[in-house]
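[1] Predicted model and sequence below, questions to follow.
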Amino acid sequence: MRTITNLLLLACAHPALAALSSPVIEPLALEKLPASNEHFAAICPAIFDDCGPESPLILWRKAHDNSLFYAVTPQFEVKKIRSVAGGFQQETSWSLAQYRHSNTDDAYQHDGLTKGGLTLFPAIYPVSKTQQAIALIHNWSSAYASGEREENYADFIVLEADGTWRTAFSNLPFSSAEKIKACFTERDFARHTHCHDEKWRTLKVTMQDTGAEYYTWSFTIKTFHWPSFTAKSDIRIDTWSYSKVPFADQAG
């Protein structure tokens, strides 16, 4: 018992050891509510004019949790809304209409990719015990006769309680996909079940509370390679991981 107690005290005194004992914190996934949902019907008219079946308003909630909602307008206004007695109350609002994404410059264009639009990824990312961030995604894509390709890059934006925001991480590869046709004749398609060279990439983000001001974020990038004319079981996966602290790149 004394040995266990000493190890616990040592872990608390040493941040690196404390990090090993701290649980992994996952982003909070959000689900999109359809316009036909009763909560959408109740919340939408209070903050937006167009609330019909094809309304462009996006309303998210934690899965099966009707206490907290996030509404996103086409102008990238993000509104945090809580359920209160007798209705709903807007807690905070953030305007991202003037936000300039770090990856929208034409300098990033290459290999014939075309600049796309901005989207918010449906998740909330803890930054500290009291702060949270969202991921604003910018897309590049291209489609041609023999295939298609897209790349997505994320700016992680901290939503402050006073309605302001700060960028914690910028221009991070978020996801990508590429598919190139490898069969061109009827004989090719008859002989092969997988007629494309495919490659795609995903990003997983987790956090740890090390006792510092901000959580340490861990990024795991997985790249999947699936050559044409091979079985799905032959997919090769390359994994790369690294860790960063929010705002660290902006110091100094």
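    Received, thanks.

[2] Residue 29 sits in which helix or strand?
    strand 28-32 (DSSP states H and E).

[3] Just want the angle from whichever helix or strand comes after that strand to strand 28-32.
    With elements assigned by DSSP H and E, the helix or strand that comes after strand 28-32 is helix 38-47. Put simply, helix 38-47 runs at 90 degrees to strand 28-32, going by axes from the mean of the first three to the mean of the last three CA atoms, to 10 degrees.

[4] Next secondary structure element downstream of helix 38-47?
    Using DSSP H and E, the first helix or strand after helix 38-47 is strand 58-62.

[5] taking the mean pLDDT, what do you get for that following strand?
    Here strand 58-62 scores 93 as its mean pLDDT.

[6] what's in contact with that strand?
    Contacts of strand 58-62 with the rest of the structure, by CB atoms under 8 Å, 6 or more residues apart in numbering, involve 28-33, 37, 39-40, 43-44, 68-73, 120, 122. C-beta: built from backbone N, CA, C; applies to glycine.

[7] Could you pull out the buried residues of the strand holding residue 29?
    residue 30 (16 or more other CB atoms under 10 Å).

[8] Please apply the same query to stretch 244-252.
    Neighbour counts over stretch 244-252 (16+ other CB under 10 Å) mark 245-246 as buried.

[9] Alpha carbons of it, in PDB - could you do that?
    These are the backbone C-alpha positions of stretch 244-252, laid out as PDB (Å, rounded to 0.1, in the frame of the first residue of the first chain):
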ATOM      1  CA  LYS A 244       0.300  19.500 -29.500                       C
ATOM      2  CA  VAL A 245      -1.000  22.000 -27.000                       C
ATOM      3  CA  PRO A 246      -3.600  24.600 -28.100                       C
ATOM      4  CA  PHE A 247      -2.100  28.100 -29.000                       C
ATOM      5  CA  ALA A 248       1.500  26.800 -28.500                       C
ATOM      6  CA  ASP A 249       2.400  27.700 -32.100                       C
ATOM      7  CA  GLN A 250       1.300  31.300 -31.500                       C
ATOM      8  CA  ALA A 251       3.500  31.900 -28.500                       C
ATOM      9  CA  GLY A 252       6.100  34.700 -28.900                       C
END
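
[10] Give me the residues contacting it.
    Residues from elsewhere that reach stretch 244-252 (CB under 8 Å, 6+ apart): 127, 133, 156, 158, 166, 168-169, 212, 214-217, 219.

[11] what do you get for stretch 36-48?
    Residues external to stretch 36-48 that are found in contact with it (CB under 8 Å, 6+ apart): 33-35, 51, 53, 55, 57, 59, 61, 66, 69, 71, 73, 79, 81, 87-88, 90.

[12] list the helices and strands the strand holding residue 29 packs on?
    The elements that strand 28-32 packs onto, with contact taken as 3 or more CB pairs under 8 Å, 6 or more residues apart in numbering; DSSP states H and E, are strand 58-62, strand 123-126.
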